[in-house]
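# okay, structure incoming, though there's no sequence with it:
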């Protein structure tokens, strides 16, 4: 098949950009032709304001798609992100030539900031209704103007069903996301679960019980919960074990100041180094305070046979359910940390994690599922 892939890249590259690139490479490896169309948001304040004004409908984005489709006949278009330079106009133009599927990597359809998170807590106030509470609360970058712009764009598109009429199938990363998408007005028969995937890192380099290192990996920002985790470790980290926090972000200096004698804040590591750490460490702690989409670090841990202790949010439960992993209930990380000292749990969870990965999150599983989705929308 020939697939047109549309993605509005982020100013700060993250997991979603990586998923798009990885999925493109997977399709090419399976013999498909992929035509990538990538949009970039401007980085200057003036250009950003102008771009946000066109976030509801950007004629230039539409023209770009039309020019490509005048030269190329495609079988299906796969849209990943349209915020904000691409805009719904790019999707509408693509839909005139072929069926369109769209992956909802985040919660922007039902939340101005896409996180379902404000005032240091999860928030569902705008789900199933117009996002005016988010505008009043300046939920997009704490900006009145930007929140108004995205609120108007969201409301106009929802009333006019601009995107809904141009997308044949919505792909979601969890049953939780499917429920929210249905509440936003999409019928259940147009929603399909499509998980992320990660490459196989190979076998573990050591038994989980041989290591004293417990990992925590991610962006060091408030919604990720690392401050609460480090404070809990300082109070109740198992004797003889060390917590290694891998990542960078706005809370790094605070975490370095908080770190006790058995906590190491090591900054950002290469993908190769992270993979090696996962295959030699004892467990992964995932203290995120927001709902998340489908974080790749959890899938990578499963692939590495690394036991997981995770926050209790529906999308996170869905990832590790059936894998003998552990949920930190009621945010009580001091109590949850003790399980990382239990060798019987570590061995069981390590084996079950790998089975969970092989069943659900491999490139082969994702490729088969994606091809089936494309065939189904083509009819």
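Noted; the coordinates are in hand. Remember, it's a predicted structure, so these values are computed and weren't measured experimentally. Numbers count the residues shown, from 1 in each chain.
# quick check, residue 176 in contact with residue 316.
No. Counting by CB atoms under 8 Å, residue 176 stays clear of residue 316, with 9.4 Å between them. Yep, even glycine has a C-beta here, placed from its N, CA and C like the rest.
# now do the phi/psi pair for residue 73.
Main-chain dihedrals, residue 73, degrees, to the nearest 10: phi -100, psi 120.
# also the one 10 residues further on?
Reported as degrees, to the nearest 10, the phi and psi values for residue 83 are phi -90, psi 120.
# what's the burial count for it?
Residue 83: 18 surrounding residues under other CB atoms under 10 Å.
# distance of it relative to residue 34?
22 Å (CB to CB, to the nearest Å).
# before we move on, what about residue 191?
Per CB to CB, residue 191 is found 24 Å from residue 34.
# give me the nearest residue to residue 120, chain neighbours excluded.
Residue nearest to residue 120 in three dimensions, not counting chain neighbours: residue 222, with 6.4 Å by CB to CB, 6 or more residues apart in numbering.
# my read: the one you found touches residue 251, true?
Yes. Using CB under 8 Å, residue 222 and residue 251 qualify as a contacting pair, with a distance of 6.5 Å.
# of the two, which one has the most company?
Set residue 222 next to residue 251 and count neighbours by other CB under 10 Å: residue 251 wins out with 19 against 16.
# show me what contacts residue 209?
Listed by CB atoms under 8 Å, 6 or more residues apart in numbering, the contact partners of residue 209 are 282, 343, 346, 347.
# now the host helix or strand of the third one: buried residues?
This points to residue 346. Element membership for residue 346, per DSSP states H and E: helix 343-360. Within helix 343-360, the residues scored as buried using 16 or more other CB atoms under 10 Å are 345, 346, 347, 349, 350, 352, 353, 354, 356, 357, 360.
# would CSV of the residues you listed with pLDDT be doable?
Supplementary listing: those in CSV, determined by pLDDT from 0 to 100:
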residue, pLDDT
345, 96
346, 97
347, 96
349, 97
350, 97
352, 95
353, 96
354, 96
356, 95
357, 96
360, 95
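# take these and write them to a markdown table, including distance to residue 142.
Below are the buried residues of helix 343-360 laid out as a markdown table (distance: CB to CB, whole Å):
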| residue | distance to residue 142 |
| --- | --- |
| 345 | 42 |
| 346 | 42 |
| 347 | 46 |
| 349 | 40 |
| 350 | 42 |
| 352 | 42 |
| 353 | 38 |
| 354 | 42 |
| 356 | 38 |
| 357 | 38 |
| 360 | 37 |
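# if we only consider those, which is nearest to residue 181?
When the buried residues of helix 343-360 are compared for distance to residue 181 (CB to CB), residue 360 wins out at 20.3 Å.
# average pLDDT for stretch 190-199, rounded please.
Across stretch 190-199, pLDDT averages out at 97.
# swap in stretch 137-151?
Mean per-residue pLDDT for stretch 137-151: 87.
# start and end of that stretch, how far apart?
Terminal residues of stretch 137-151 are spaced 11 Å apart (CA to CA, to the nearest Å).
# how about that stretch: buried residues?
For stretch 137-151, burial by neighbour count (16+ other CB under 10 Å) applies to 137, 138, 139, 140, 146, 147, 148, 149, 150, 151.
# in strands, which of the residues you listed fall?
Per DSSP state E, strands hold no members of these.
# now for those residues, which pair is the farthest apart?
Farthest-apart pair in the buried residues of stretch 137-151 is 137 and 149; separation 15.0 Å (CB to CB).
# can you give me phi and psi for residue 101?
phi -120, psi 150.
# following whichever strand or helix holds residue 164, which helix or strand shows up next?
Element membership for residue 164, per DSSP H and E: helix 162-166. Using DSSP H and E, the helix or strand that follows helix 162-166 in sequence is strand 169-172.
# which parts of the helix or strand following that following strand are buried?
Using DSSP H and E, the helix or strand that follows strand 169-172 in sequence is helix 175-183. By neighbour count on 16+ other CB under 10 Å, the buried set for helix 175-183 is 176, 177, 178, 180, 181, 182.
# stretch 84-101 too?
84-95, 97-101.
# hang on, the earlier thing: show me what contacts the residue nearest to residue 120?
Residue 222 is in contact with 120, 250, 251, 289, counting by CB under 8 Å, 6+ apart.
# going by distance to residue 23, which of the residues you listed wins?
Closest to residue 23, out of all of the contacts of residue 222 and judged by CB to CB, is residue 289, at 28.0 Å.
# ok, the closest one touching residue 312?
No. Residue 289 lies out of contact with residue 312 (CB under 8 Å); the separation is 10.7 Å.
# can you give me the helices in the stretch 101-250 of the chain?
Shown for the stretch 101-250 of the chain, the helices assigned by DSSP state H, counting those that start in this stretch span residues 132-136, 144-160, 162-166, 175-183, 226-236.
# what's the mean pLDDT across the host helix or strand of residue 28?
Per DSSP H and E: residue 28 is located in helix 15-29. For helix 15-29, the mean per-residue pLDDT is 95.
# with stretch 237-246 instead?
What stretch 237-246 shows for mean pLDDT is 98.
# mind checking the end-to-end distance for it?
So stretch 237-246: terminal residues 17 Å apart, CA to CA.
# buried residues in that stretch, which are they?
Applying 16+ other CB under 10 Å to stretch 237-246 flags 237, 238, 241, 242, 243, 244, 245, 246 as buried.
# relative to residue 72, which of the residues you listed is nearest.
Among those, residue 246 lies closest to residue 72 (CB to CB), at 41.7 Å.
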